[in-house]
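In: Let me see the structure of the following:
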Amino acid sequence: MVKRVLFKDLDINVMNINKVYEEVRKKEITGFLRVVYWSKDDYLLFNKGAPYKVVTFGADGSRSLSKAENFAIESKEGTASLVETTIDDLVGIIEYRHNIQQDGSLVFFPYGLLIQEPVSISFLDINKEFLLAQRSHLDGYVALYTEETLFGIVIFQGGFPVAVFGGDGSFGDRAVTYINANLIPAKSFMSMYTLEPELLSFAYSMHSDNVRKTERNFRTYEEAEKFVAEEKRNAVIVIEGEGIHRYDMFFRGQHIDRLVKEKGLFVNDEVERGRLATKVENLPDRSIWVYDISLIEKPQPIEVVIEGVEEEVVTSDSEVPLDKVMEVKSAFIKEIGPLGKLIWEKTLNEFGFKESSMTINHIKIVVDKLKREIPEDEAAREFLRRVESILPDII
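Out: Numbers count the residues shown, from 1 in each chain. Next up is the predicted model:
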């Protein structure tokens with residue numbers, strides 16, 4: 001959740017970037033410096049005063065990641081804003097989860113009333129935290145992540161866990177397995193959020209089997225809204241453009257809630273949310289989609305035990321044969337096209353991986369990132385199916 005704006009829309013030609021770095025380091029600020037140019041927005045992310053990642057959004061809504069040491073103020077017109085926030089917001093910017101059919105309820109992270117600020121999992125027994133959630137009758141979710149990667153969320157109703165979504169797109173038991181295979185307590189965080197009752201039913205229901213994109217084009221929001229209302233659908237209307245994503249939730253045809261994201265950040269200010277909601281609706285090249293949601297009427301409590309792994313286990317992970325790595329690479333290029341080779345190389349460089357020495361965990365991380373680079377949902381699913389046939393124990 002955005003906590004404090006330290007300065008806003010400062011002309012970059014008068015900003016002293018070295019003074020900004022000094023202040024951030026001295027006060028151990030967690031947050032981001034956003035630099036807005038005509039053609040792009042750069043986000044330099046800080047965790048406890050240390051810069052660690054740059055996220056760039058193009059004017060067309062495209063997104064790329066780079067190392068913090070490559071960040072520089074460009075000699076052109078632009079403005080800068082420095083915002084202090086919590087690490088979960090920064091993960092939201094990096095992860096950029098926005099596709100309901102592909103990401104399911106992960107698109108809600110980190111929305112909600114934050115009742116447990118991010119805390120290192122090494123300081124607590126997470127399963128005892130779940131018992132506290134039960135005693136407080138939590139209606140919301142617990143999120144698990146590092147400073148760059150969302151491992152998953154556990155959704156609670158009335159204090160009991162009712163759904164688990166893994167960061168790799170898995171659900172239920174497979175999601176718990178994914179979280180436990182990747183979560184290293186010493187490097188991971190947990191935070192807890194409450195959700196409005198009308199939103200909670202969407203949160204625990206939105207896994208891939210329960211989400212279906214309507215095969216129909218809509219020219220305006222009013223046209224989509226009429227379609228949902230007349231059919232009395234449980235649905236989400238998504239409007240997207242220029243890095244803005246607007247989600248309008250409907251229960252039996254009645255509008256119940258609206259969320260707005262900009263560049264991966266939920267907009268909480270009512271005036272700004274209204275401005276962006278109107279802006280994206282009126283963009284000439286925006287997209288409008290309707291997703292039918294099969295709501296679960298009476299979710300049943302499930303058993304969730306989070307254990308994680310010791311760091312030594314991960315670093316000694318089994319190596320994947322090079323021929324299998326190359327098959328995964330070829331599967332990705334086949335689904336996304338010629339640019340796939342460049343995206344593959346960029347992703348490996350980002351994580352510091354090499355094709356000749358990739359481990360099982362490396363492949364999991366890379367596949368999780370690459371699937372979100374494929375714009376077509378069916379092509380992304382086909383990529384995952386091919387990976388599963390190449391490495392059955394990975395997916």
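In: is it true that Tyr43 touches Val36?
Out: No. Taking contacts as CB atoms under 8 Å, Tyr43 lies outside contact range of Val36: 10.0 Å. Where you see a C-beta, it was placed from the backbone N, CA and C, and this is true even at glycine.
In: where in the chain is pLDDT low?
Out: 1-2, 309-317, 393-395 (pLDDT under 70).
In: what residues are up against the most centrally placed residue in it?
Out: With distances taken as CA atoms, centre = their mean, the residue of the chain nearest its centroid is Arg97 (3.2 Å). Taking CB atoms under 8 Å, 6 or more residues apart in numbering, we find Arg97 in contact with Asp103, Leu106, Val107, Phe109, Leu150, Gly264.
In: hmm, 10 Å instead?
Out: 91, 103-109, 150, 167, 245, 261, 264, 372 (CB atoms under 10 Å, 6 or more residues apart in numbering).
In: Which members of these are the farthest-apart pair?
Out: The span of these, defined through CB to CB, is set by Gly167 and His245 at 18.7 Å.
In: residue ranges for the strands of the stretch 101-250 of the chain, please.
Out: Counting by DSSP state E, counting those that start in this stretch, the segments of the stretch 101-250 of the chain that form strands are 113-120, 140-145, 150-157, 160-166, 189-194, 211-213, 235-241, 244-251.
In: The third one pairs with which strands, parallel or anti?
Out: When pairing is defined by DSSP bridges, strand 150-157 lines up against strand 140-145 (antiparallel), strand 160-166 (antiparallel).
In: Please work out which of those strands is packed deepest.
Out: strand 140-145 (a mean of 27; mean count of other CB atoms under 10 Å).
In: distance between that one and the chain's centre?
Out: 12 Å (CA atoms, centre = their mean, to the nearest Å).
In: picking up where we left off before, between Tyr43 and Val36, which one's more packed in?
Out: Tyr43 (23 against 15; other CB atoms under 10 Å).
In: Next, the buried residues of the helix or strand that contains that one.
Out: Here Tyr43 sits within strand 40-47, counting by DSSP states H and E. Neighbour-count burial for strand 40-47 flags Lys40, Asp41, Asp42, Tyr43, Leu44, Leu45, Phe46, Asn47 (criterion: 16 or more other CB atoms under 10 Å).
In: And for stretch 47-61?
Out: Those would be Asn47, Gly49, Pro51, Tyr52, Lys53, Val54, Val55, Thr56, Phe57, Gly61, for stretch 47-61 by 16+ other CB under 10 Å.
In: and if you look at stretch 113-133?
Out: Leu114, Gln116, Pro118, Ile121, Ile126, Glu129, Phe130, Ala133.
In: how near is the last one to Gly112?
Out: Here Ala133 is placed at a distance of 13 Å from Gly112 (CB to CB, to the nearest Å).
In: Pull up the overlap in contacts between the two.
Out: Asp139, Gly140, Tyr141, Met192.
In: Let me know whether the last one touches Leu132 as I believe.
Out: Yes. Counting by CB atoms under 10 Å, Met192 touches Leu132, with 8.9 Å between them.
In: Now for those two: what residues contact both?
Out: With CB under 10 Å, 6+ apart as the test, Met192 and Leu132 both reach Gln116, Leu138.
In: Give me the distance between Val36 and Gln101.
Out: Distance from Val36 to Gln101, by CB to CB: 30 Å.
In: er, Lys3 actually
Out: Taken as CB to CB, the span from Lys3 to Gln101 is 32 Å.
In: circling back to that earlier point, three-state assignment of the residue nearest to the centre of the chain?
Out: coil (DSSP: H, G, I helix; E, B strand; the rest coil).
In: Mind listing the residues bridging to the spatially closest residue to Lys67 that is not a sequence neighbour?
Out: Leaving aside its sequence neighbours, Lys67 sits nearest to Val54 (CB to CB, 6 or more residues apart in numbering; 7.0 Å). Beta-bridge pairing for Val54 (DSSP bridges): Leu44, Ser66.
In: shouldn't Val54 be in contact with Phe46?
Out: No. Applying CB under 10 Å, one finds Val54 not in contact with Phe46, separated by 11.0 Å.
In: and for the two, which residues touch both?
Out: Phe32, Leu33, Ala68.
In: For the helix or strand that contains the second one, which strands pair with it and how are they oriented?
Out: With the criterion set as DSSP H and E, the secondary-structure element containing Leu33 is strand 31-36. Taking DSSP bridges as the criterion, strand 31-36 sits next to strand 40-47 (antiparallel), strand 79-84 (antiparallel) in its sheet.
In: I'd like those strands laid out as TSV, including distance to Leu384.
Out: Output for those, formatted as TSV (distance: least, CB to CB, whole Å):
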stretch	distance to Leu384
strand 40-47	28
strand 79-84	35
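In: Between the ones you listed, which one is closest to Lys8.
Out: That would be strand 79-84 among the strands paired with strand 31-36, by CB to CB, at 4.5 Å.
In: how about that closest one: buried residues?
Out: Ala80, Leu82, Val83, Glu84.
In: Report how many residues lie close to the residue nearest to Arg372 when sequence neighbours are not counted.
Out: Closest residue to Arg372 apart from its sequence neighbours, by CB to CB, 6+ apart: Gln102 at 7.0 Å. Using other CB under 10 Å, Gln102 has 18 neighbouring residues.
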